[in-house]
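In: got a sequence here, can you build the structure:
(5 chains, ligands or ions: 4)
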Amino acid sequence: KPGGAGKTDGPVPDKPSKAVTLNILDVAGDLQLTQGMIDEFVAKNGDQIAKVTYSKATAPELVGKVKAQQNAGRVDIDLVLTGVDGLAAGIDQGLWTPLLPAYASRLPGMTAYLPGAAAMQKLAGDFGVTVTYYPSGPLIEYLPAKVATPPKTAEELLAYAKANPGAVQYARPANSGPGRTFLMGLPYLLGDSDPKDPVNGWAKTWAYLAELNKYVTLYPSTTSETMKNLANGSAKVIASTTGWDINPRVLGTVPKEAAVGTLQGFHWVTDAHYAVVPKGVDVEKQAAVLNLLKDMLTPAQQAKAYDKGYFYPGPAVKDVPLSMAPQESQQAIGEYGRPEYEQLIANNPLEVPLDAKALVAAFDKWDREIGGAKVKK
Amino acid sequence: MSWLRIDGVTRRFGGKAALERLDLDIEQGEFIALLGPSGCGKSTALNCLAGLLPLSEGSIWQDDTRLDTLPPERRGFGMVFQSYALFPHLSVRKNIAFGLQMRRLPRAEVRRRTDEAIKLVRLEEHATKLPGQLSGGQQQRVAIARAVVLEPSLVLMDEPLSNLDAKLRLEMRTEIRRLHQSLGLTTVYVTHDQEEALSMADRLVVLRDGRVQQIGTPEELHTRPANRHVADFMGYRNLLPLKVTAVTPDVVTVEGSGLALRGTGVGTLAAGDEVVAAVRPEDLVVGEGGVPVTVEVVEYQGRELAVEARTEQGLRLHLRAVERPAPGDRITVVADPSRVLVFPA
Amino acid sequence: MSWLRIDGVTRRFGGKAALERLDLDIEQGEFIALLGPSGCGKSTALNCLAGLLPLSEGSIWQDDTRLDTLPPERRGFGMVFQSYALFPHLSVRKNIAFGLQMRRLPRAEVRRRTDEAIKLVRLEEHATKLPGQLSGGQQQRVAIARAVVLEPSLVLMDEPLSNLDAKLRLEMRTEIRRLHQSLGLTTVYVTHDQEEALSMADRLVVLRDGRVQQIGTPEELHTRPANRHVADFMGYRNLLPLKVTAVTPDVVTVEGSGLALRGTGVGTLAAGDEVVAAVRPEDLVVGEGGVPVTVEVVEYQGRELAVEARTEQGLRLHLRAVERPAPGDRITVVADPSRVLVFPA
Amino acid sequence: MTATTRTAPRTALRHRLAERGIDRQLLLLVPALLAVLILFIYPFAYGMGLSFQPAEGGVLGAYRNFFGDAYQRDTIGTTLQLALPAAFLNVAASVPIAYRMRGRFRGKRLLTTLLVVPITLGTVLTAEGLLNFLGPTGWFNRTLLEAGLVDGPLRLTNNYWGVFFSLVITGFPFAFLLILSYLSGIDPTLERAAATLGAGWWPRFHRITLPLLAPGLATTFCLTFVLAFSVFPSAVLVGDPAGTTRVISIAAYHAAYEAYDYSLASAIAVVMGVVELAVVAAVLGVRSLFYTGSTGGKG
Amino acid sequence: MRRRIVATPGAWLVWGAVGFFFVLLAGVIGSVLVSSFGRRWFDTWLPQSWTTQWYGQAWHEFTLLDVLIVTVEISVLVVAISVLVGVPASYVLARKNFPGRRLLYLLFLLPILMPPITYGIPLATVLYKYGLAGHMAGVVLANLVPSIPFVILTMTPFIEQVDPAIERAARMCGARTGQVFARILAPLLVPGILAASILVLVRTVGMFELTFLTAGPDSQTLVVALYYTMSAAGIRAQQSVDAMAVIYTSMMLVLLVVALRFVNPTQLVARVKEDVE
Ligand SMILES: Nc1ncnc2c1ncn2[C@@H]1O[C@H](COP(=O)(O)OP(=O)(O)OP(=O)(O)O)[C@@H](O)[C@H]1O
Ligand SMILES: Nc1ncnc2c1ncn2[C@@H]1O[C@H](COP(=O)(O)OP(=O)(O)OP(=O)(O)O)[C@@H](O)[C@H]1O
Ligand SMILES: [Mg+2]
Ligand SMILES: [Mg+2]
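Out: Ligands and ions are numbered 1, 2, ... in the order given. The predicted structure follows:
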């Protein structure tokens, strides 16, 4: 029986007494960045980790799943890679084993976080360890051939939408990273009273979205859909992020010549992926996880997070230049990356995203008042 | 004491008796036919005998063994079903061998006896075919072989010929009778066809609504049916509701609806009784000084003609004629008093 | 010229002819029976007539109208199906009224004619029942009423009695015949039962493998079958493969398998020909100086006994006896030469 | 004889039970019965119990929550608006097609197989395919534009129509199969009988075939409706899950797996079941009307 | 047949509708198929160039081999259990008449009549409560809910049409109950069991809701994996999702074609003799 064999609390040994099997659940799409790091660690440390099984799920299910396993006393998810949403929901429900500060010393890499990553780490409290980080967006993406003068401010975007009904598109925020980044970024752009309180502090944002809604014909359910629409010309300006700008062009879903723009006065709404360990995981396995995380936070491993621009840049720790990244990454980013990102990241403020509760409230309000408003039309 | 004794066997379905107090003694080697209209309980009786239906009351004894508490597979009877019930996935040979295999007989013996049975029903060429590839008559023969190969102490047959066409039925009838005679099998045979029953059985049991009406040899039933229902079933197509006018020891005179007939009384009758006079069509012939009737329908039947006629009062009569009358003709018919049976109504 | 003319009608299924070059003239008011074993093309012929099957070749003419290009609903024929094909969701009355409603007759007339038809088949009490609540015979009567209420120029019946039990079959036979006579309907009737065909029809058409074997009155077919297949079908149960030994203008002498018979030749025969001698069981009687045979099976059949016997060479004979011989008895049988038909093999 | 009388009553009791059809063979039912009770009835009852135990708001709190919030309540209407027309179209389109395909003809098996292929597609392929094919620059709109039939692309995805089409694609084969099967069960001689009675194809169809098909139609409609009513993935993928195609299963999913309000989720599941059974009951009711109506009709 | 060639307007309409449906179908399938082989496909009729890389990518990224193995394991288990449990029950329902039979039949039909999501959520909750969900056991159990009734639904008419006299004949030949089942009934029911199994298999492989609600990391079937690829976080090429959908559909198509070999689709609800014209 997995999980049921050994102790699940008490001190975690330095090393597992014999090689363990780790079940890793990814609810954030993080494996694309980190699977290489994990595999390499496992290859080198066969004495600690015999085998890793990977599985994927959607963030909303995470809590139900883990909680049910904990209630049943049989936890067989040993490590969860999650975004802010799953992390926070788990904290709320008390699902995670507190790794900090108890084992902070075993994770030296955490001291080298980038400022943005460090801010994101604060959200995790004692429970999660930031493994990858990126400033995300909001950005707008368009094909220069079709949009000669891209909007430069939020107002211009609105005016552009008004002039070209149906041309501006962002995916339903609940289903889409760029969608939610756009949503969370708007209060900063519009100067709302409390950018962290979507219910009471976003008056301008909601008014703006409602106005924009008049000229949006379609809120696709996935970001891919907006990308496809951009590529085939049925959408002209879409919401995007750094990762969603580079990676789809590498993959070929979006033409290489697509360009990104920013709206004046925008703040980056950063994003990160965390590693958390559910309560009820065997201490032997926890030991293996800690050693794995330690390794993952070394610059050499972090460099793998460049990937093909999926989470651009990706590394959560300092001093990981692109040149350390695998050849493939360097090539892809060399070809499809944008040098201007470095400046943009350096010169615009970084903001942490909404916490989970506020985010769910924002989604709900968006669903009801913006997306759902179409029902009444 | 008789070899098989059926003692007050009753079977009810949800309170309604499908078979009521059947008493019957069967001698070894006898061919018994159960005869009756649809729904009279023939199959019920057979299934009770076979053990396929539990009894509601009564018992069945073979010599001194009580049989009715045994499951069907332990009674050692054979059965031939109306629909043949051949195993469709087994070849003719395997169908026939099935029962022997169930007895765990040695392989060589199974083979020998199966071969014998196949020969008996003359299906040597078809032994490896599946039942679906056989004609109706051939299937029927497989069913019979399958039942007799076990040399059962009793063979039960439930309307085994009713699915065959007229010509084949005639052939198979002779076939079964031959098998019965050559193997000396005790047989209980269910049918609703009186002709079949008469021609095959040593003794007939006539059922109606679950009750025995009469038990006897074919001759007894044919010439002296015990009541009007048996008569009806035995081909007395004219069942005429009349009134007794006079009774002598030998002859009963009956009248009504423009008819006056003399006949033989069955049971005690008195003048003035309402009765039913039963006459076969072949006993009502065209003749001088008889009852005047009008011909309505004439049917050709080989040598003879079947005629339907009506008395002036509208009573319908079935009779036979040798020369063809035309519809509308007026003729007179007579009947031999010994061939007219008079039953209480 | 005849009223309905069927002219070289052929119907093939995937290359195989189910009905081949059927020529038949039907007079108004005639009752024609199509007779033949299963699969001989009877239903095919009927369906071609009804328009339910398109013809492969040939034509059908009524007076001077060509019918075979019309869809069934425009031919104005009535049809009674073997399975009755009553509309299960309509009451008896509505089933019968259906055709009249299709003709858009005024409501009152529909009512009147439906009532009449219901009365004709004596179903007054059952008029509001659904077909599922009726017995087989009653359903059959609904089917007939439904077909005749339209007063069709031609009524087609496809084995309408084959699903009924023996007694009912006899009754319905007379019923149909009566209807035919009282309404004067032209009828084409399909059956595989020779007795039924003989007793009902004015003319019979015997089919085999899709080809007409013989057309004639019941008497003609009964006494002078055109070939051995027709004879087989007409109750000549003894079909004896023999050899001609002598031919005179009147009598053909045949021998073989321990038998010597004198009979009437059908077609030209010469001494030495292989032939089949056809004799009905009732024409083979026990008598002095005939062929010696051994009794094998005896069946009681009311007045008579049916006997199966074998010659010394093993040829099986079916005959009739009045007195009961026992199995194993040796008897001699004779036959009237005029009743022995000799066909080329 | 004494032995006989002693055993008689026991046999009789067994017999009396057997007469009603109760004997040891009924034990064969036990596993299936247990499975349904444990895996279906119990969870359903459990869910029903959960729905009456919300975190706040008293026994009926979850229901009040659902019915009190127009955004939630409207999902019933939204779902019905999708499921009813889709089920109706699937059944209505299947009838003439199946009617044409009754008899035997060459290629029938192939055609049937082709019509049934969409069963294999799965929601994702259907969704992807619809997005690709009916999307603004998909082949469909492209063809219309090139042919000059429309000025701008028709919007057929990410709205009501997208979901509707996906329900048709997945539901039609199912309805078709069932109806073809029911139609083949109707004795073809009935129609021939009607033909010989002078009925042309239309009276044959609507006076004979249709009334006989009615029970099958009702069953098929119910089953197709059930399929359509539980639409979930395609409502998200090709629909407009926040708006016009926010169907009730999205609400249930949202409650259970995003808001972690199991009580509300169970309440929604119960409401779903009730609405669905109501529709099924209504259809069966209509069917009995339809049946008598047709038989009683003009006659 | 001659008369049929001239089609009526009704026929044109019907075949037109069928044609339209096929065009829609071809468009839907075709566009996914084309997309799954296209390297880049923007605002054009066809992709700019062709590749099979997406299949390889989908295979690796979604560990399709494991998913396929799990799918097969789960489906086989579901089929085996539901046949083992369902066939005896349908035997009793087909052969015996006892009080409450109709009620019981209705009870067995209910899970088919209910949308899976209505009982799926409480079922998943209960299964999680007992620690069964999230593993293969839970997925199998959840899928049994519609599968057992489905087997009962298809097998009952099938058993009904096996002549009970055949069983009686076997008994009269001296076969005991066990022998009757093993030697006579089982072989006769094989086609029906095969048909039911394949239909259950198709349903299970395609059953999204119940599997989705109860699957854990090691027990995702292909449909669920497919849904995740479309809705889970992360960026992936549209084409590789398309490739995966094509893989899924091919698998189902093979199953369906096999199923249609054994099951005459027109005989699902009513067993009719093939009519002579
Ligand atoms: N299993 C049963 N349940 C209820 N009633 C039954 C059952 N079997 C037979 N019956 C009833 O018992 C009566 C006798 O039936 P049985 O089958 O013995 O008639 P039968 O003489 O064989 O008729 P047939 O010639 O039609 O076969 C009928 O009224 C029938 O309806
Ligand atoms: N639709 C069809 N397709 C192919 N062959 C057919 C069809 N209908 C009939 N046949 C064949 O045509 C021949 C004649 O069939 P038909 O139904 O006319 O026989 P029948 O004389 O009515 O027999 P039965 O007495 O069994 O009803 C048979 O060999 C039959 O197999
Ligand atoms: Mg019976
Ligand atoms: Mg026929």
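In: where along the stretch 201-345 of chain B do the strands fall?
Out: B:203-208, B:211-216, B:238-247, B:252-256, B:259-265, B:274-279, B:284-301, B:304-310, B:316-321, B:330-335, B:341-344 (DSSP state E, counting those that start in this stretch).
In: out of those strands, flag the one nearest residue D:240.
Out: strand B:203-208 (74.0 Å; C-beta to C-beta). Every C-beta, even on glycine, is put in place using the N, C-alpha and C of the backbone.
In: mind checking if the closest one is in reach of chain C?
Out: No - using C-beta under 8 Å from any C-beta of the partner chain, strand B:203-208 stays clear of chain C, coming no nearer than 10.1 Å.
In: backbone dihedrals for residue A:22, please?
Out: phi -110, psi 130 (degrees, to the nearest 10).
In: tell me the SS of residue D:111?
Out: Following DSSP: H, G, I helix; E, B strand; the rest coil, we place residue D:111 in the helix state.
In: quick one: pLDDT of it?
Out: Residue D:111 is assigned 81 on the pLDDT scale.
In: the residue lying closest to it once chain neighbours are set aside: how many residues sit nearby?
Out: Spatial nearest neighbour of residue D:111, excluding adjacent residues (C-beta to C-beta, 6 or more residues apart in numbering or on different chains): residue D:101 at 6.9 Å. Neighbours of residue D:101 under the rule other C-beta atoms under 10 Å in any protein chain shown: 21.
In: and for the one 4 residues further on?
Out: The criterion is other C-beta under 10 Å. On that basis, residue D:105 has 11 neighbouring residues.
In: SS state for it?
Out: coil.
In: now it: how far from residue A:285?
Out: 65 Å (C-beta to C-beta, to the nearest Å).
In: just to revisit the earlier point, quick one: closest of the strands of the stretch 201-345 of chain B to residue C:201.
Out: Using C-beta to C-beta, the nearest of the strands of the stretch 201-345 of chain B to residue C:201 is strand B:284-301, at 8.4 Å.
In: in a helix, residue A:55, correct?
Out: No - using three-state DSSP, the assignment for residue A:55 is strand, not a helix.
In: bridging residues for it?
Out: Counting by DSSP bridges, residue A:55 forms beta bridges with residue A:25.
In: close to chain C, is the longest helix along chain B?
Out: Longest helix of chain B, by residue count under DSSP state H: helix B:166-183. Yes - counting by C-beta under 8 Å from any C-beta, chain C is contacted by helix B:166-183 at B:166, B:167, B:170, B:173, B:174, B:177, B:178, B:181.
In: just checking, the first one touches residue C:195?
Out: Which is residue B:166. Yes - Residue B:166 lies in contact with residue C:195 (C-beta atoms under 8 Å); the separation is 7.3 Å.
In: if you count what's nearby, which of the two comes out ahead?
Out: Using other C-beta under 10 Å as the criterion, residue B:166 and residue C:195 rank with residue C:195 on top: 18 against 12.
In: count the residues that sit near the residue lying closest to the more buried one once chain neighbours are set aside.
Out: Among residues not flanking residue C:195 along the chain, residue B:301 sits closest, at 6.8 Å (C-beta to C-beta, 6+ apart). Per other C-beta under 10 Å, the neighbour tally for residue B:301 reads 14.
In: hang on, the earlier thing: read off the pLDDT value for the residue nearest to residue D:111.
Out: On the pLDDT scale, residue D:101 gets 79.
In: tell me the spacing between it and residue C:341.
Out: Counting by C-beta to C-beta, the gap from residue D:101 to residue C:341 is 53 Å.
In: same check, this time on residue A:193
Out: Distance from residue A:193 to residue C:341, by C-beta to C-beta: 118 Å.
In: residue E:131 now?
Out: For residue E:131, the distance to residue C:341 - C-beta to C-beta - is 89 Å.
In: the more surrounded of those two?
Out: residue C:341 (26 against 17).
In: chain neighbours aside, what residue packs nearest to the more buried one?
Out: In space, residue C:341 is closest to residue C:278, 4.6 Å off (C-beta to C-beta, 6+ apart).
In: how many other residues sit next to the one you found?
Out: 26.
In: need the contact list for it.
Out: Contacts here follow C-beta atoms under 8 Å, 6 or more residues apart in numbering or on different chains; on that basis residue C:278 touches C:225, C:228, C:231, C:232, C:236, C:238, C:239, C:240, C:340, C:341, C:342, C:343.
In: wait, what's in contact with the third one?
Out: Right, residue C:231. Here residue C:231 is in contact with C:225, C:239, C:278, C:341, C:343 (C-beta under 8 Å, 6+ apart).
In: give me that answer again for 7 Å
Out: C:225, C:278, C:341, C:343 (C-beta atoms under 7 Å, 6 or more residues apart in numbering or on different chains).
In: coming back round to it: nearest to residue E:14, of the contacts of residue C:278?
Out: residue C:232 (49.8 Å).
In: how close does the residue nearest to the closest one when sequence neighbours are not counted sit to ligand 1?
Out: Of all residues not flanking residue C:232 in the chain, residue C:239 sits nearest, at 5.9 Å (C-beta to C-beta, 6+ apart). Separation of residue C:239 from ligand 1 (C-beta to the nearest ligand atom, to the nearest Å) stands at 33 Å.
In: how many residues are close by residue 116?
Out: Reading this off chain A. Neighbour tally, residue A:116, other C-beta under 10 Å: 22.
In: think we crossed wires, I meant chain E
Out: Neighbour tally, residue E:116, other C-beta under 10 Å: 26.
In: hang on, it packs against residue E:212?
Out: No - Residue E:116 is not in contact with residue E:212 according to C-beta atoms under 7 Å; the separation is 9.5 Å.
In: got the contact list for residue D:205?
Out: With C-beta under 7 Å, 6+ apart, residue D:205 has these contacts: residue D:99.
In: could you report the pLDDT at it?
Out: At residue D:205, pLDDT is 87.
In: ok, now residue D:32?
Out: 89.
In: tell me which element it falls in.
Out: helix D:30-36 (DSSP states H and E).
In: give me the mean pLDDT for the next helix or strand after that helix.
Out: Using DSSP H and E, the next helix or strand after helix D:30-36 towards the C-terminus is helix D:42-51. In this model, helix D:42-51 has an average pLDDT of 84.
In: other SSEs contacting helix D:42-51?
Out: Contacts defined by 3 or more C-beta pairs under 7 Å, 6 or more residues apart in numbering or on different chains; DSSP states H and E place helix D:42-51 against helix D:262-296, helix E:116-129.
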